[in-house]
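**Q** coordinates for the following, if possible.
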Amino acid sequence: MLHSPEIWAGEVHCQAHWGPEDIAAECWLEAANALQLPVAELTMDFEVHSSSEGHWLAQFRACPQSLAEAYLAQLNALDLQPDAITCASQMDELELAWELPPGVMAEAFRMPHMDELPGHYFNLFKEDKPC
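**A** Numbers count the residues shown, from 1 in each chain. Below you'll find the predicted structure:
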């Protein structure tokens, strides 16, 4: 789960004649420009919503592909295989969706404290009750 400073978020106001491919291309170009990276070196995802004025708005998040690959390598070393990578700002929504106790996601994905043992980093058990 990437933290907010690691992910660049942006918006693209869509034109009426744009199709899905056009919207995706504009999001890729905006992200590449903002991060000053070639499109081929980015990881990006977007969603399209209707604005209150009735216009289409694409909201997207992007980061360097190397960052996402580093996180995947770390998770694979722990024998975890995620279906998706998201950002830390989505923790509360994920806890609600998965019916987890508040704070479980933050504990699972927090950065380790100095001199902390690796085993404590992923300690999600509170009072002998697994999440």
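
**Q** for the protein, which segments count as helices?
**A** In the chain, the segments counted as helices under DSSP state H are 20-35, 65-77, 91-97, 104-108, 118-121.

**Q** could you dump those to a markdown table with mean pLDDT?
**A** What follows is the helices of the chain, written out as a markdown table (pLDDT from 0 to 100):
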| stretch | mean pLDDT |
| --- | --- |
| helix 20-35 | 92 |
| helix 65-77 | 79 |
| helix 91-97 | 78 |
| helix 104-108 | 72 |
| helix 118-121 | 46 |
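
**Q** can these go into JSON lines with extra columns for distance to residue 56 and mean neighbour count?
**A** Any C-beta I mention is one placed from the backbone N, CA and C, and that applies to glycine too. Formatted as JSON lines, those follow (distance: least, C-beta to C-beta, whole Å; neighbours: other C-beta atoms under 10 Å):
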{"stretch": "helix 20-35", "distance to residue 56": "8", "mean neighbour count": "16"}
{"stretch": "helix 65-77", "distance to residue 56": "27", "mean neighbour count": "12"}
{"stretch": "helix 91-97", "distance to residue 56": "22", "mean neighbour count": "13"}
{"stretch": "helix 104-108", "distance to residue 56": "31", "mean neighbour count": "16"}
{"stretch": "helix 118-121", "distance to residue 56": "42", "mean neighbour count": "10"}
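
**Q** looking at these, which is closest to residue 58?
**A** Proximity to residue 58 (C-beta to C-beta) singles out helix 20-35 among the helices of the chain, at 5.1 Å.

**Q** which residues does the closest one contact?
**A** Here helix 20-35 makes contact (C-beta atoms under 8 Å, 6 or more residues apart in numbering) with 8, 10, 12, 14-15, 18, 38-39, 42, 44, 46, 48, 56, 58, 60, 62-64.
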